[in-house]
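Q: Build me a model from this:
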Amino acid sequence: MSSQKRRPAAVAVSLCVLVGIWTGTAAIASAGEVVGGTVLGGVPVEGFQAQELAHQLRPAALAVQGRPLTLTVGDRQWTRTPEAMGITVDLEASIRQALQVGRTSSFAWVFESFFDRRKELDWVPKVDAETLEAAVADLAALADKEASNGDFRVAGSSVEVQPPSEGVRLIRDETSRRLVEAVVNPASDDVVELPADTTAPDITPEQQARVEQQAEAILSSPIEFVHDGRSFTVAAEKIAPALRVAVTERSSGESGSISLSADPETLKAAIVEAAPFVRSAPKDAGFTVSGTSAHLQPSVEGSTIDPGPPAAELVDLTAMDRPAIELPRVAEPAEFTTEEAAALKITKQISSFSTDFDARNAPRVSNIDRMASAIDGTILMPGETFSLNGTTGDRSAANGYQEAGVLVDGEVVPGIGGGVCQVATTLFNAVYSAGLEVVERSNHSLFISSYPTGKDAMINYGYQDLKFKNDTSYGMLLKARASEEALSVSVYSSSLGRRVEQSVSPMTNLRSPELKVVEDPTLPAGTETVTAEGKDGFDVTVTRAVYQGSDLLHKDTFVSKYEPWKRVIKKGTGPPATPEPAPEEPEQVASGDPAETDPGGGEASPAAQEEEGQPESQTAGPESD
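A: So this is what the prediction gives:
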């Protein structure tokens, strides 16, 4: 038989073979087996059945999403895991992807299987968009850096600069894509370079260098000034703090600018400090008092330099060309002028009050004098509220106050600032008598009989204050003076035409003193000494009505609640006293009251009781902070 006759038979045989292969392989494909040469995420999965893939791939998937990634921007780096950023492996979708290889048709499956080609598949990612967005925002907060225009500092007469530097801004969308890609197609070194843009500073290093050279030239030697024909120099390091650098921002892609200037007021302060003669200080208007009259003292205008022109000339100096800078003279007005003072119409004393003190108690007297000096000469504008705490400040040792008696828990104990409440009480009574509005007042915790009943005033810095308001259309002047044994506070203003009427209620809610026993080892056992008799506490109300002619301006009620003074007894705990030998009895016994001849017997005289036990003698001063 010829070859032409044999060819159709061979083709028929081949077709039969192919049909047989196709039939067998199609049966295998339908069974769910991964085709040969398939690799998923670097893991060979050829020949695995669908149910076997999850077990085979899970460890690798967990390793991919849990491995630390080194994230870099320039020379900075941070470590994060994909899982912590909301990126994990979608294992089910990855398995479906592997099983779909070659399954577009039976012929495709046969082709993929029998030609043994390696088929690399990436992991299918699962992304928690909210977590990833937050993670990228966190990275941006770490990576982003504003462009810097550098720094310009003067140390002494030397100029120190920090060059301008570019900024960095993370590209967030691209960063999210690269982080997901790190799971889909992991890098061998687990390093992910994050995308970022650079931002330019407003100025260039060359611009900064020119200003640096300008400043160095200005400060290369002392600066010469001339004022009213008098020439003098000021050291460069004294002038240096006045130098300022200003930078304008970039616009339309063009660099900004940098310029050097001198702050006029800082320059003026440096010149005045170095050459005080260039300024004649002004004097504010004020008041002096003589008896019950107040007299206006006019203000005096001063003179100083105008720093504007010198500041402009200063920045033009060079290392070689350094002409003397002229300092023009200008008037410097007083802060409180004659016209302003005259408008207050302060002409006469409208009230005054005085209290006495023991001149022998030096620390207490010092405290009184210090506080009186702090309020002396105070001027209140119409409508202004005066605060004693605000005017005098904290009563502390650092502020010059000393330790003296203060009221604590019903008795007198040592404390810083003892005596200042006497100033408060004296001021309160002067204000009370003037008919001014009292904004805040507190009574002492204990009644002090040397003050008007219900009209004392206690202050405690940060807690209790004495405040009053100048509720008139005139100014007010306070004068306070401590003499050797008395404190006086006076209020000066214009004639107000006010009349003050008051009433004081009976004492109510009487409270008995508490007994305090103090053991004293210096006294013989069995003996007792009364060191403070104690005194009842009580409540009292003072009512004040202030009239302008027949019109009632305001009516005030001041309620005071005083706690009892403690009765204090010292009880002896020492060794018993050794009895002295009895004197020889005379032959005849003298007649008389036995109490008069009993050694140590009887009671102290009323005068002695008052001296030893009454509050006014045991207090070193009214309650204070």
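Q: When you work out contacts or count neighbours from here on, use the C-alpha atoms and nothing else.
A: Will do.
Q: Helix or strand for residue 71, just tell me which one.
A: For residue 71, the host element (DSSP states H and E) is strand 69-73.
Q: Likewise for residue 355?
A: When elements are assigned from DSSP H and E, residue 355 belongs to strand 348-356.
Q: which residues are contacting that strand?
A: 292-294, 422, 426-427, 429-431, 433-434, 451, 485-496 (CA atoms under 8 Å, 6 or more residues apart in numbering).
Q: Among those residues, the buried ones, what's the PyMOL command?
A: Buried residues among the contacts of strand 348-356 (16 or more other CA atoms under 10 Å), as a PyMOL selection:
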select buried, resi 294+422+426+427+429+430+431+433+434+451+487+488+489+490+491+492+493+494
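Q: Filter the contacts of strand 348-356 down to just the ones in strands.
A: Taking DSSP state E, the ones among the contacts of strand 348-356 that sit in strands are 293-294, 486-493.
Q: okay, among these, which ones form the most distant pair?
A: 486 and 493 (23.3 Å; CA to CA).
Q: Looking at the ones in strands among the contacts of strand 348-356, spot the one nearest residue 252.
A: Relative to residue 252, the closest of those is residue 493; by CA to CA it sits at 65.6 Å.
Q: and the gap between that closest one and residue 482?
A: According to CA to CA, to the nearest Å, residue 493 and residue 482 sit 21 Å apart.
Q: swap in residue 135?
A: According to CA to CA, residue 135 stands 72 Å off from residue 482.
Q: Tell me how this structure divides into domains.
A: As given by automatic domain parsing, the domain ranges for the chain are 1-28, 32-146+169-195, 205-341, 344-577+614-618.
Q: all strands of the stretch 401-550 of the chain, in order?
A: Counting by DSSP state E, counting those that start in this stretch, the stretch 401-550 of the chain has strands at residues 403-408, 411-416, 437-440, 467-469, 476-482, 486-493, 498-504, 508-511, 515-524, 528-532, 537-548.
Q: Need the ones you listed in a markdown table (columns: distance to residue 307).
A: Below are the strands of the stretch 401-550 of the chain laid out as a markdown table (distance: least, CA to CA, whole Å):
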| stretch | distance to residue 307 |
| --- | --- |
| strand 403-408 | 49 |
| strand 411-416 | 47 |
| strand 437-440 | 45 |
| strand 467-469 | 41 |
| strand 476-482 | 36 |
| strand 486-493 | 40 |
| strand 498-504 | 51 |
| strand 508-511 | 69 |
| strand 515-524 | 70 |
| strand 528-532 | 68 |
| strand 537-548 | 53 |
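Q: Which one of those strands lies nearest to residue 279?
A: For residue 279, the closest of the strands of the stretch 401-550 of the chain is strand 476-482, at 29.9 Å, according to CA to CA.
Q: Pairing partners for the closest one, with directions?
A: With DSSP bridges as the test, strand 476-482 is paired with strand 379-380 (antiparallel), strand 486-493 (antiparallel).
Q: now the helices: where do they sit in the stretch 301-450 of the chain?
A: For the stretch 301-450 of the chain, applying DSSP state H, counting those that start in this stretch gives helices covering 308-314, 338-342, 362-375, 388-392, 420-434.
Q: for the stretch 501-625 of the chain, same thing?
A: Remark: helices assigned in the stretch 501-625 of the chain by DSSP H, counting those that start in this stretch are 594-597, 606-613, 615-618.
Q: Below-threshold pLDDT in this structure: ranges please.
A: Per-residue confidence for the chain (pLDDT under 70) gives these ranges: 1-32, 104-118, 405, 409-411, 579-625.
Q: The residue nearest the centre of it and residue 387: what is the separation?
A: Nearest to the mean C-alpha position of the chain, by CA atoms, centre = their mean, lies residue 462 at 17.3 Å. Separation of residue 462 from residue 387 (CA to CA): 12 Å.
Q: likewise residue 576?
A: In terms of CA to CA, residue 576 sits 56 Å off from residue 387.
Q: which of the two has more neighbours?
A: A count of neighbours by other CA atoms under 10 Å puts residue 387 above the other of residue 576 and residue 387, at 16 against 12.
Q: In contact with that one: list those residues for me.
A: Residue 387 touches 465-468, counting by CA under 8 Å, 6+ apart.
Q: cutoff 10 Å now
A: Residues near residue 387 by CA atoms under 10 Å, 6 or more residues apart in numbering: 393, 439-440, 465-469.
Q: does it have beta-bridge partners, and which?
A: According to DSSP bridges, the partner residues bridging residue 387 are residue 467.
Q: okay but residue 371 is in contact with residue 424, surely?
A: Yes. With contact defined as CA atoms under 10 Å, residue 371 reaches residue 424; the gap is 9.2 Å.
Q: Could I get the phi/psi values of residue 334?
A: phi -70, psi 150 (degrees, to the nearest 10).
Q: And for it, the neighbour number?
A: Residue 334 is flanked by 16 other residues according to other CA under 10 Å.
Q: What's the local residue count around the closest residue to residue 256 other than its chain neighbours?
A: Take residue 256 and drop its neighbours on the chain: the residue closest to it by CA to CA, 6 or more residues apart in numbering is residue 250, 4.3 Å away. Other residues within reach of residue 250, judged by other CA under 10 Å, total 14.
Q: One more: the one 5 residues further on?
A: Counted with other CA under 10 Å, the neighbours of residue 255 add up to 16.
Q: likewise residue 393?
A: When neighbours are counted by other CA under 10 Å, residue 393 comes out with 14.
Q: so it touches residue 461, yeah?
A: Yes. At 7.7 Å, residue 393 and residue 461 qualify as touching, with contact defined as CA under 10 Å.
Q: then stretch 539-556 to PDB, C-alphas only?
A: The C-alpha trace of stretch 539-556 is given here as PDB (Å, rounded to 0.1, in the frame of the first residue of the first chain):
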ATOM      1  CA  ASP A 539     -22.800  86.900 116.300                       C
ATOM      2  CA  VAL A 540     -23.500  90.500 115.500                       C
ATOM      3  CA  THR A 541     -24.900  92.500 112.500                       C
ATOM      4  CA  VAL A 542     -23.900  96.000 111.500                       C
ATOM      5  CA  THR A 543     -26.300  97.800 109.100                       C
ATOM      6  CA  ARG A 544     -25.100 100.900 107.200                       C
ATOM      7  CA  ALA A 545     -27.200 103.200 105.100                       C
ATOM      8  CA  VAL A 546     -25.500 105.700 102.800                       C
ATOM      9  CA  TYR A 547     -27.500 108.800 101.800                       C
ATOM     10  CA  GLN A 548     -26.800 111.600  99.200                       C
ATOM     11  CA  GLY A 549     -29.000 114.300 100.700                       C
ATOM     12  CA  SER A 550     -32.300 112.600 101.200                       C
ATOM     13  CA  ASP A 551     -31.700 109.900  98.600                       C
ATOM     14  CA  LEU A 552     -30.600 106.400  99.800                       C
ATOM     15  CA  LEU A 553     -27.600 105.400  97.700                       C
ATOM     16  CA  HIS A 554     -27.200 101.900  99.100                       C
ATOM     17  CA  LYS A 555     -27.900  99.900 102.300                       C
ATOM     18  CA  ASP A 556     -25.400  97.300 103.500                       C
END
